[in-house]
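> Predicted model and sequence follow; I will ask about them next.
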Amino acid sequence: MTRWGMAIDTDRCTGCGACVVACHAENNIQTVGEQEARNGRAMHWLRIERHYEGSFPDVKVRFTPVLCQHCAAAPCEPVCPVYATYRTPEGLNAMVYSRCIGTRYCANNCPYTVRVFNWHDGEWPEPLERQLNPDVSVRPAGVMEKCTFCVQRIQDAQDIAKDDDREVQDGEVKTACAQSCPARAIVFGDLEDLDSRVTQLARSERASQLLEDLGTHPSVFYLRGGE
Amino acid sequence: MKEEALVRPLSGFRPWLIVGTLVTGAIAGLLFFSWGYQIKNDIGVAGINRPVFWGFYITNFVFWIGISHAGTLISAILRVTSAEWRRPVTRCAEAITVFALSIGGLFPLIHLGRPWLFWFMIPLPNHRGLWPNFRSPLVWDMMAIGTYLTGSVLYLLLPLLPDMAILRDRALAETPQSPRARLFRLLAMGWRGTTQQWHSLEAGIKVMAVVIIPVAVSVHTIVSWDFSMTLQPMWHSTIFGPYFVVGAIYSGIAVLMLAMYLLRRGLGLQEYLSDKVFNNLGLLFVSFTIIWAYFTFAEHLTVWYGSEPSEMAVFWERVSGEYAPIFWGMIVVNVVIPLGVLPFPWGRKPLATAIVGLGVLVGMWIERFLIVVGTLRMPHLDFTVGTYQPSWVEMGVLVGSFGMFAMLYFLFVQFAPIVSIWEVREGDHIASSVPASAQSVGDEA
Amino acid sequence: MSQTATWLHAAFDLPADAQSALEQLAEDGVAANDIEVRSSIPLVHEVCPVGLEVHSRVPLMAVAGGLLGGTAAFLLVTLTSLAYPLPTGGMPIVPLPTVGVVTFEGLALGAILCTVATVFYECRLPRLGGRAGPLDHHLAAGSIIVAAKSTDGASEAWAAKATATEVHEVL
């Protein structure tokens, strides 16, 4: 059985933001404009958190890309009144846009604050609508969304593998963020596959998870501590 | 008929009542205008954002559902304990409950991102394998508020039957064919006041009073569980259930005191909404001040003592941060002023209790706001700390909701007696048939 | 019965007067079923036709309604959730604590609705198209009306203390 997961090396992350841009492009995420972003309505599925460590003159900046952790015991799931969010058998926390009625309870129960809400309909003035990814829906106003681990790419790779009558290979599925990272800080793969790169990184000494003590059992591992 | 003052608003042409209805109706229109604007222009016209996904609308929801606990406490608990002084108060308290619940029940619809799909929460058999999630506190909300609303409406209507019969019978001699007489005849439903009917009705009211008390407690507990079932700092607290119920009863009594004062002045009901009734309610009021203050202190003490970083962020925001002015203002109007006024006999005069009640109304609204927005602003991962600025749409809905409540009350006062005629009459009868020496006990209560 | 009967309605100001009238009627041998007492406030124990047993099944029906409502809510939540098994990521789909909450509300709703239905049934409400009695406007003022079926030659002494009387052809 597959269990999708991700390992993010914060020692390598330069905070360039290419992953954020790639995610926007891949997943038809709206750009809300400066005013709305200032009001806290930016729609980034993946955000780069900037933390300063140490004090002058030994200050270091650590960049942490935070995205949906696809928790095994996701607190966002039991609170949705209409079952618009659930856990797939392959370990993804899925979002059903057409079922969502916009109570925003799931977002309130996410300790990582990774869920994002469509406050207005998105606008893609001509010719920007040509940039939209046909594999991904465009969400209307009033619907919750978040990182899906590029489920359309997973689906695509699984379809191709099925045609070729084989399993999906490690490295065949690259999420948009992993694909675009110049430092190759983001690694995506199958955590049940003991040989995959992501499993090896997840088991390394440098691996930890965000807010572990809350018991959400996330699928994303953060690596830090090397120099 | 002896109770002319109670019947006066129900007959003839009362210009002030009509003006009042129209003015409050216009304010209520603001609610629907703002809501309609929001439906047309997307939920984004409200001021909510990430991480403050819930703002004024949920604050108002909890606030109005809280106010609806007035009727239950006064009517049901005092009936169950046979407290005679409740008689003039039960009807206006029950009316407050029904109207506050109806308004409160609108807010879960108003705050939805796609309100036209609210019916997804209703279990309707379908071929798509879709079903509501009964584990979600929002679905419990729907069931609890639905039950409480049904119960409160029926609890208001049952004791209304004999009063409607009195009004119907009175109209027989004077104006048998007027529209209002026809309404009374309809609402009396053929009540005749026979021995069997009274026996059944009294049994029914007694049972309803006993059943509606746990329902009311469960309703606001379930509303509080919308918050405490989450993992958010200062929401994930076991004390929320009883805390919210106490706060609800507290705000309910506050609204009742204010409403009773306005009714007393506006309709000339000094004989019924007497100083003694205000005095007794004032004593109940101050006991709830103490209980509310106790719960608030316990909640804040445990958070502060535990010193968990994510909870302390929320705590300091309230106590010394951006929300400090309204937090301490809330403490003043909810604790300091009531404790400084209500323990004294002059503090339990009608005007004094009404003013204190108004302060508590504001204070309890602030408490709901601080709980909802205060926590959401400071999530676990503090990089996404937020701010919240309500938009005119949210303000319009808030103001409009008060207008709607007032309008419903103005309408009610013109079509039903705001003090229960038969219960007051029964009280007089009981008082007059008790020997004079034993009668003084009731007066000192 | 299509036969019309003659009833004598009498309005009394004081409950004591009404009660003594009822005792007089009992002495005259008028059956409890042929007497009706009506008032604007409950006087069930003070003014009651002699020998009339008043019962109410409301408490029993409230309990029955509660059990019915609670069971219905419990079955709704458990059976339907098991019939529409949606993925829940390892968390139980029918957790008893949450089922308990909904069951409690169902119990309360069942009790409330059954109570009100029983009250309406026992009171024979709504009574559409009933005509008002001849002295009903006295009820509004607080009088008690005693109506007794009068046969030819029966004494009307029981209505001696009444403030108003009237004969009516049908109840």
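Arrived safely, thanks for sending.
> quick one, what contacts residue B:408?
B:99, B:102 (C-beta atoms under 8 Å, 6 or more residues apart in numbering or on different chains). Yep, even glycine has a C-beta here, placed from its N, CA and C like the rest.
> redo that, cut-off 6 Å
residue B:99 (C-beta atoms under 6 Å, 6 or more residues apart in numbering or on different chains).
> Could you give me the buried positions within the helix or strand containing it?
Residue B:408 is part of helix B:392-415, with elements assigned from DSSP states H and E. For helix B:392-415, burial by neighbour count (16 or more other C-beta atoms under 10 Å in any protein chain shown) applies to B:393-394, B:396-398, B:400-414.
> Could I get the pLDDT score of residue 11?
All of this refers to chain A. If you check residue A:11, the pLDDT there is 93.
> switch to chain C, that's the one I care about
Looking at residue C:11, the pLDDT reads 89.
> what sits against the residue of chain A found nearest chain C?
At 3.0 Å from chain C, residue A:87 is the closest residue in chain A, using C-beta to the nearest C-beta. Residue A:87 is in contact with A:93, C:87, C:89, counting by C-beta under 6 Å, 6+ apart.
> what do you get if the cut-off is 8 Å, keeping everything else the same?
A:72, A:74, A:77, A:93-94, C:87-90.
> Just the buried ones from those residues?
Applying 16+ other C-beta under 10 Å to these flags A:72, A:74, A:77, A:93-94, C:88-89 as buried.
> Could you find which two of these are furthest from each other?
Maximum pairwise distance among these (C-beta to C-beta): 13.5 Å, between A:72 and A:94.
> so for the helix ranked longest in chain A, what's the average pLDDT?
The longest helix of chain A (DSSP state H) is helix A:151-163. Helix A:151-163 comes out with an average pLDDT of 96.
> ok, and what's touching it?
Outside helix A:151-163, the residues touching it (C-beta under 8 Å, 6+ apart) are A:4, A:26, A:90, A:92, A:94, A:133, A:135-136, A:167-169, A:172-176.
> which residues are contacting stretch B:201-215?
By C-beta under 8 Å, 6+ apart, stretch B:201-215 touches B:72, B:75-77, B:79-80, B:144, B:147-148, B:151-152, B:154-155, B:158-159, B:161-162, C:42, C:44, C:56, C:58-59, C:62, C:66, C:104-105, C:108, C:111-112, C:115-116, C:118-119, C:123.
> From the residues you listed, list just the buried residues.
For those, buried by 16+ other C-beta under 10 Å: B:72, B:75-77, B:79, B:144, B:147-148, B:151-152, B:154-155, B:158-159, B:161-162, C:42, C:44, C:56, C:58, C:62, C:66, C:104-105, C:108, C:111-112, C:115-116, C:118-119, C:123.
> wait, what's in contact with residue A:8?
Here residue A:8 is in contact with A:64-65, A:185-187, A:220-223 (C-beta under 8 Å, 6+ apart).
> between those, which is closest to residue B:121?
When the contacts of residue A:8 are compared against residue B:121 (criterion: C-beta to C-beta), the nearest one is residue A:220, at 31.4 Å.
> if we can go back for a sec, compile the contacts of residue A:87 into a markdown table and extend it with columns for distance to residue B:186.
Below are the contacts of residue A:87 laid out as a markdown table (distance: C-beta to C-beta, whole Å):
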| residue | distance to residue B:186 |
| --- | --- |
| A:72 | 60 |
| A:74 | 54 |
| A:77 | 50 |
| A:93 | 55 |
| A:94 | 54 |
| C:87 | 52 |
| C:88 | 50 |
| C:89 | 54 |
| C:90 | 56 |
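> Just the ones in strands from these, please.
In strands, defined here by DSSP state E, the members of the contacts of residue A:87 are A:93-94.
> The contacts of residue A:87: which two are farthest apart?
Longest span within those, C-beta to C-beta: A:94 and C:90, 14.6 Å.
> Look at residue A:121 and give its secondary structure.
State at residue A:121, reduced to three classes by DSSP: H, G, I helix; E, B strand; the rest coil: coil.
> And it, how far from chain B?
Taking C-beta to the nearest C-beta, to the nearest Å as the criterion, residue A:121 is separated from chain B by 7 Å.
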